[in-house]
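**Student:** no sequence for this one, just the structure:
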């Protein structure tokens, strides 16, 4: 884990029950506490 934001990464997602692969753009960013530990992970797709 680098701690750097991830922006507009194209990933493939397949439903658990099977089916066609769907491509989505994902962005994610960590929000850290004052001591540097993980507080939140924000992920959008």
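**Tutor:** In hand now; what should we look at? Note that the structure is a prediction, hence the values are computed from the model and not measured. Numbers count the residues shown, from 1 in each chain.
**Student:** pull the longest strand from the protein.
**Tutor:** Looking across the chain with DSSP state E, the single longest strand is strand 22-32.
**Student:** how close does the closest residue to residue 29 other than its chain neighbours get to residue 28?
**Tutor:** Closest residue in space to residue 29, ignoring its immediate chain neighbours: residue 5 at 4.3 Å, by CB to CB, 6 or more residues apart in numbering. Placement of C-beta: from N, CA and C, glycine included. In this view, residue 5 and residue 28 are 7 Å apart by CB to CB, to the nearest Å.
**Student:** Between the two, point out the one with more neighbours.
**Tutor:** Neighbour totals were compared for residue 5 and residue 28, and residue 28 leads with 14 against 10 (other CB atoms under 10 Å).
**Student:** can you pull up the bridge partners for the more buried one?
**Tutor:** residue 6, residue 43 (DSSP bridges).
**Student:** Quick one, grab the pLDDT at it.
**Tutor:** What the model reports for residue 28 is a pLDDT of 96.
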